[in-house]
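K.L.:
model the structure of this input:
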Amino acid sequence: MVSQEQRRRQLAREKFLRQQQRRTDARRKARMRNSVIASVLAVVVIGSVALYTTGVLKGDDDTKQNAGSEVTPTESAPGKAPDPCEKPAEGKVKTATWKKEPELTVDKSAKYTMKLATTCGDIDIALKASAAPHTVNSFDFLAGKGYFDHSKCHRLTTNGIYVLQCGDPTGTGTGGPGYTIPDENLKDKSLKDNVYPAGTMAMANTGQKHTGGSQFFLVYQDSQLPPSYTPFGTVSESGMKVLKKIADAGESTGAGDGAPNATVVINKATVTKS
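P.N.:
Numbers count the residues shown, from 1 in each chain. Modelled structure (predicted):
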């Protein structure tokens, strides 16, 4: 028989646990405002630039504070480079979300390629289905739903790490498909000395394990990063030329981390099995 006092204590414990869970959820949602590419640099970049990494290691607010304290702006901002890309195709981004990861139907023995038909040119990627089946399966599913179509690549980093970040239909760095996928392939043979080599396609995350969604980054120059981001594709030689063109146009802040000056929009994303 449970006494009144025991019952009162039990209810108090349950209330406390609910409060803790709400606080944990609030912190997680705050971290999700970021998308991969820069707060890790608060740890891995020694120098004057604090970049953004989808909330990895630190939140977006922390990153902005670090950037403000560590980056000394020049007296006059550099002139914006001409936009090297075309106007986006007509169409609207889709805002659908799903409650859980799609059923795993990818064929691990088959070859999969992804084509990002962008306003700046086509970026072809060989996907690693056998090494990262959940990730490739998710991208096959999302591309088939038109999830990436008409979405902007919203972030370019040009100091410390060198990546173009895409995959958020909202264009803000806060969007996702509604579900998360597990980390995979973190011991890929291409990752040596905590360097993601040029040509790598990898997942963004919140800084916690198994929090990948739809946002990804394309490495256009070797970048020092901890092996915490699922590498699941390799950009083709022609695709690297497109990335270089985007990178050469620079980013909007002049501090090495911001929206690309180039109008980078994915007109159409397709995944093909062969």
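
K.L.:
for the closest residue in space to residue 223 that isn't next to it in sequence, name its beta-bridge partners.
P.N.:
Nearest non-adjacent residue to residue 223, counting by C-beta to C-beta, 6 or more residues apart in numbering: residue 161, 3.9 Å away. All C-beta spots, glycine's among them, are computed from the backbone N, C-alpha and C. In this entry, residue 161 is beta-bridged to residue 159, by DSSP bridges.

K.L.:
so who does the spatially closest residue to residue 134 that is not a sequence neighbour touch?
P.N.:
Of all residues not flanking residue 134 in the chain, residue 181 sits nearest, at 4.8 Å (C-beta to C-beta, 6+ apart). Each residue near residue 181 by C-beta atoms under 8 Å, 6 or more residues apart in numbering is listed here: 101, 134-135, 138, 203, 210, 212-213.

K.L.:
report the buried members of these.
P.N.:
For the contacts of residue 181, a neighbour count by 16 or more other C-beta atoms under 10 Å gives the buried set as 101, 134-135, 138, 203, 212-213.

K.L.:
which of the residues you listed sit farthest apart?
P.N.:
Greatest spatial distance in the buried ones among the contacts of residue 181: 101 and 203, 13.2 Å, computed using C-beta to C-beta.

K.L.:
low-scoring stretches of this protein, by residue?
P.N.:
Scanning the chain for pLDDT under 70 picks out 1-81.

K.L.:
hmm, 50 instead?
P.N.:
The chain contains residues with pLDDT under 50 at 12, 15, 19, 24, 27, 30, 33-77.

K.L.:
which residue ranges of it form strands?
P.N.:
Counting by DSSP state E, one finds strands in the chain at the ranges 36-37, 53-54, 112-118, 121-127, 151-152, 155-159, 161-166, 195-196, 200-203, 216-219, 223-224, 231-235, 257-258, 265-273.
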